[in-house]
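Student: sequence-free structure coming up:
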């Protein structure tokens, strides 16, 4: 059991680490856009859109930053020592094809020398896997999937 808890902790920490890097980059980009807009000053004439463009870019980065912060909060809700028996939010799922971590959509995460796909409960594959347990079989896109383990 402790091996599974350690693996789940590692997956969660690696997800957080990747997201913290994203947060740092987005914050830097926002600050650069704001600084460029400030240094440029007010628009020179009505066709001069550089400052407005920089402020729009800053706002886009701010929205992405807000989403990244929400994802960190979502990861913080997962208790690694709470091992699941059925596939649900917070589950690590081992199939005969892939390994999944059901939390947030962020793609590949390395942990324990293996690649896990971090998926959100809003993706189609989760709808197929939801509620299944170790030993169950299903199919997705006409491909059979066997659940090898869930925790």
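Tutor: That came through fine. In this text, all values refer to a predicted model and were calculated from it rather than measured experimentally.

Student: gap between the residue of the chain positioned farthest from its centre and residue 148?
Tutor: Going by CA atoms, centre = their mean, the residue of the chain most distant from its centre is residue 45, 42.5 Å out. According to CB to CB, to the nearest Å, residue 45 stands 65 Å off from residue 148. Placement of C-beta: from N, CA and C, glycine included.

Student: contacts for stretch 29-47?
Tutor: Under the criterion CB atoms under 8 Å, 6 or more residues apart in numbering, residues 49-52, 54-55, 57-58, 61-62, 65 lie in contact with stretch 29-47.

Student: Buried only: go through these for me.
Tutor: 51, 54, 57-58, 61-62, 65 (16 or more other CB atoms under 10 Å).

Student: quick one on the thing from earlier: put together JSON lines for the contacts of stretch 29-47, with pLDDT, secondary structure and distance to residue 111 on each row.
Tutor: Shown next, in JSON lines, are the contacts of stretch 29-47 (pLDDT from 0 to 100; DSSP: H, G, I helix; E, B strand; the rest coil; distance: CB to CB, whole Å):
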{"residue": "49", "pLDDT": "82", "secondary structure": "coil", "distance to residue 111": "45"}
{"residue": "50", "pLDDT": "85", "secondary structure": "helix", "distance to residue 111": "44"}
{"residue": "51", "pLDDT": "83", "secondary structure": "helix", "distance to residue 111": "44"}
{"residue": "52", "pLDDT": "84", "secondary structure": "helix", "distance to residue 111": "43"}
{"residue": "54", "pLDDT": "90", "secondary structure": "helix", "distance to residue 111": "39"}
{"residue": "55", "pLDDT": "89", "secondary structure": "helix", "distance to residue 111": "39"}
{"residue": "57", "pLDDT": "95", "secondary structure": "helix", "distance to residue 111": "34"}
{"residue": "58", "pLDDT": "96", "secondary structure": "helix", "distance to residue 111": "34"}
{"residue": "61", "pLDDT": "97", "secondary structure": "helix", "distance to residue 111": "29"}
{"residue": "62", "pLDDT": "97", "secondary structure": "helix", "distance to residue 111": "31"}
{"residue": "65", "pLDDT": "96", "secondary structure": "helix", "distance to residue 111": "25"}
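
Student: Cheers, nothing more for now.
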